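Engineer: When you get a sec, could you give me coordinates for this:
(one chain, ligands or ions: 3)
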Amino acid sequence: MTKAEAPKLARISVRGIVQGVGFRPFVYRLATDLNLKGWVCNTSEDVRIEIEGPRDSIDKFCLNLKAQAPPLAHIEEIAVTHLPAVGYRDFDIRRSLVDKGKCQLISPDIATCRTCLDELSDPNDRRYRYPFTNCTNCGPRFTIIEDMPYDRPKTTMRSFAMCPRCQAEYDNPLDRRFHAQPNACPICGPRVELVDNRGYAVSCSDAMYTAGQMLKAGEIVAIKGLGGFLLACDATSELAVKSLRHRKRRSSKPFAVMVENMEEAKRHCYISMEEEGLLTSPQSPIVLARWRQDSTVSREVAPNLRYLGVMLPYTPLHHILLSDVHLPLVMTSGNLSEEPIAKDNDEALRRLSGIADYFLIHNRDIYSRYDDSVAMVERGSSQLIRRARGYAPYPIPLKFKVRPVLGCGAHLKNTFCLTRDKHAFLSQHIGDMENIETVEHFADTVSLYERLFRIKPVAVAHDLHPDYLATRYAMEMNKGGIELIPVQHHHAHVASCMADNGLQSPVIGVVFDGTGLGSDGHIWGGEFLVADYHSSRRVGHLEYLPLPGGDAATRKPYRITLAYLLALLGEEGLRQGLALMKDVDNAELAIIQRQVEKRLNSPLTSSIGRLFDAVSALLGIRGEIDYEGQAAIELEMAAYKAPHEGEEDSYPYSVAEDGDLRIIKVCDLFSTVIKDSQQGVPRSGISVKFHNTVAQMVKHMCLSITGDAATNKVVLSGGVFQNRLLLNKTVGLLERSNFEVYTHKQVPCNDGGISLGQAVIASFA
Ligand SMILES: [Zn+2]
Ligand SMILES: [Zn+2]
Ligand SMILES: [Zn+2]
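Structural biologist: Ligands and ions are numbered 1, 2, ... in the order given. So this is what the prediction gives:
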């Protein structure tokens, strides 16, 4: 035997998402194909492998381990140690090793794979039209897991004993369903059932087909999905959509639509290559795509909007339903306005019986609530607006090691974030922390993540706002002795965008949002900071203006307009503004005047979100809102109606210096908007000019700050940057001035990303 042929032993540790994704059968095949001996097993922190054989085969094995890994595997690290051979005779898959303190990543729930789809539509297959078909490459994961390691008894599938054929698939290392924990078939697995809104079974031979017929007839059907119930109706029927709006008490907030396939998606929206890639990805999010004028989806689905949220079917049940009905279906979270999504059958019947006519339920329990994710593509790259199904609980990778902390987030669109080593476990979207149900969902999910990822936070970070329920949650933890770390809202935004982009050195942070308590006690939201993870310095902001009646004014933007005009332009400006606005009640006006003049219940704000609101209401676009951001969103939409969308004109404004602070003054902006309006310039044109102005402000300020900050890196964060027109114009102007611009990608720019920023800052504190 020559030296090269003597058997060697390699011990390999593979980390990342490598469990529950068909990794061990893949390793088994790879090893046996190369005639290598040894074993593979799951542990609490990695997949461990020992292989023995000729050196060149071992090298080939290591190469292919990464190159040919199963589609859902996400390898973070492969460590190889070479040892003397021990003389293995076979290759085995060994029992999982459990080590309590160790952390193992968990795959998100994944959209149905091509192979499972083929079985689903094959009348000769035993899983023909079986709505719970899945394999190691697709199906539920996170939503059914109660604890780690990921084995069937620790999932909500434990009550279903596999039939002999399913068991044989499960036991065979060469089968696509080897150790697929949710494996099931029509004989042994979960079943669907159609019931009416009192819970009585509807007699029918095929529940899914009958549910489809009901949808076609204009009924509203609640459908139990992966992470909760979705409410469905025919998206082409104005009557059905209106009735859903009425019952759900949601008068104009946009709904998402599920379409049968990509061809259908393109019938309703203009879909770019990047958008198509996202829609068909294993994550399969809702994508906000440009809505075609000739689409048959009712305008009631997303009133006044240019973009429609579309998604493709992502479970077998959806595929069956959509191919039965051949109609785009509204699919919206099964809840009443802002409560969390309903997940259990009883709960759904209790909470949704006033909304849905029928319920398509099943008997596989959902362990974790999990909303659909929402993404958009701008400037060729995707960014998440809501991060949940398909993404969480996969962590945001960090460039540095952090200590274990919990970031509790802020208030709206809330998430939390737990850190460990180089991972930030950002929770799925939890919701607006405005009711007890959402707060309970928050607390339950924190415990789940702590348990699943074996994290015991040593500190807890929270927003400065003392009344946020997330802040109160942090205060409660403090009673248990955990260190509290307050983090200013906009500093958290900057840190979140930095972590999203793997940045470490100080940046200029431009944060535009609606509300966030500042360190001076005022409401911030038009902020220029020089910041890193350790500290933050405010170097500029939009001037302070009064918010009459405080937060309540955000529901009625015309009140903001009145207060701003009064504060900036006095009685004469107010008079001119009133002439443009319709139906302002005199008594209400008198109250607002008093509030502003006497500074009664009128906190000061530097919010850019409120600036958009004020202009929107001044132009008569939106004076009262039904959902957060509506006035600003509709102001953006108005710009798309302009004949010269690309126009570069802007409004005047000035910048005053107050020590190190630069303050943007908008008095001239308002007086010129009024003048334009009086002279009959259309709203669309004014909106374009207004957007140009805000983008100019950013460039102007960054040019002024860059020397002082000693950096040309600019990060853009805050919910206002969901405005695509503003985002494009701002990034364009900054890049032309040689700034390096960073925007959000994996993490929402809105308050859904705050907890990540808090956690990273706290872990350095
Ligand atoms: Zn599959
Ligand atoms: Zn079976
Ligand atoms: Zn914010």
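
Engineer: ok, which stretches of the stretch 51-200 of the chain are strands?
Structural biologist: With DSSP state E, counting those that start in this stretch applied, the stretch 51-200 of the chain shows strands at 74-83, 91-93, 192-196, listed in chain order.

Engineer: And those strands: which comes nearest ligand 2?
Structural biologist: Nearest to ligand 2, of all these, is strand 192-196, at 15.7 Å by C-beta to the ion. Quick note: C-beta positions are derived from backbone N, CA and C, even for glycine.

Engineer: Quick one: mean pLDDT for the closest one?
Structural biologist: What strand 192-196 shows for mean pLDDT is 97.

Engineer: burial of the residue of the stretch 251-400 of the chain found nearest ligand 1, as a residue count?
Structural biologist: Shortest the stretch 251-400 of the chain-to-ligand 1 distance, computed as C-beta to the ion: residue-wise this is Pro316, at 9.1 Å. Using other C-beta atoms under 10 Å, Pro316 has 24 other residues around it.

Engineer: got it, and the one 4 residues further on?
Structural biologist: The burial count assigned to Ile320 is 24, neighbours taken as other C-beta under 10 Å.

Engineer: Number the chain from 29, please
Structural biologist: Fine by me, first position is 29 from now on; the one you just mentioned is Ile348.

Engineer: my guess is it contacts Ala235, does it?
Structural biologist: No: taking C-beta atoms under 8 Å as the contact criterion, Ile348 and Ala235 are not neighbours in contact, 10.3 Å apart.

Engineer: sec struct for whichever residue of the stretch 529-678 of the chain sits closest to ligand 1, please.
Structural biologist: The nearest approach of the stretch 529-678 of the chain to ligand 1 comes at Gly530, 32.5 Å away (C-beta to the ion). What DSSP: H, G, I helix; E, B strand; the rest coil gives for Gly530 is coil.

Engineer: residues in this structure within reach of ligand 1, list them.
Structural biologist: If contact is defined as C-beta under 5 Å from the ion, the residues of the chain in contact with ligand 1 are Cys141, Cys144, Cys163, Asn165, Cys166.

Engineer: List the residues that contact the last one.
Structural biologist: In this structure, Cys166 makes contact with Leu100, Ile138, Ala139, Thr140, Cys141, Cys144, Pro310, judged by C-beta atoms under 8 Å, 6 or more residues apart in numbering.

Engineer: need those residues in JSON lines with distance to His274 and neighbour count, can you?
Structural biologist: Written out in JSON lines, the entries for the contacts of Cys166 read as follows (distance: C-beta to C-beta, whole Å; neighbours: other C-beta atoms under 10 Å):
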{"residue": "Leu100", "distance to His274": "41", "neighbour count": "21"}
{"residue": "Ile138", "distance to His274": "35", "neighbour count": "25"}
{"residue": "Ala139", "distance to His274": "32", "neighbour count": "25"}
{"residue": "Thr140", "distance to His274": "33", "neighbour count": "25"}
{"residue": "Cys141", "distance to His274": "39", "neighbour count": "19"}
{"residue": "Cys144", "distance to His274": "38", "neighbour count": "21"}
{"residue": "Pro310", "distance to His274": "36", "neighbour count": "17"}
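
Engineer: Could you tell me which of those residues are located in helices?
Structural biologist: Cys144 (DSSP state H).

Engineer: quick check, nearest of the contacts of Cys166 to Ser326?
Structural biologist: Among these, Ala139 lies closest to Ser326 (C-beta to C-beta), at 26.1 Å.

Engineer: How is whichever residue of the chain sits closest to ligand 3 assigned, secondary-structure-wise?
Structural biologist: The shortest separation between the chain and ligand 3 is 3.6 Å, found at Asp541 (distances taken as C-beta to the ion). Reducing the assignment to helix, strand or coil with three-state DSSP, the entry for Asp541 is strand.

Engineer: for Lys669, what are its contacts?
Structural biologist: Shown here is Lys669, whose contacts under the criterion C-beta under 8 Å, 6+ apart are Ser712.

Engineer: Against Thr758, how distant is it?
Structural biologist: The gap separating Lys669 from Thr758 is 21 Å, by C-beta to C-beta, to the nearest Å.

Engineer: cool, Val402 as well?
Structural biologist: In this structure, Val402 lies at 22 Å from Thr758, with C-beta to C-beta as the measure.
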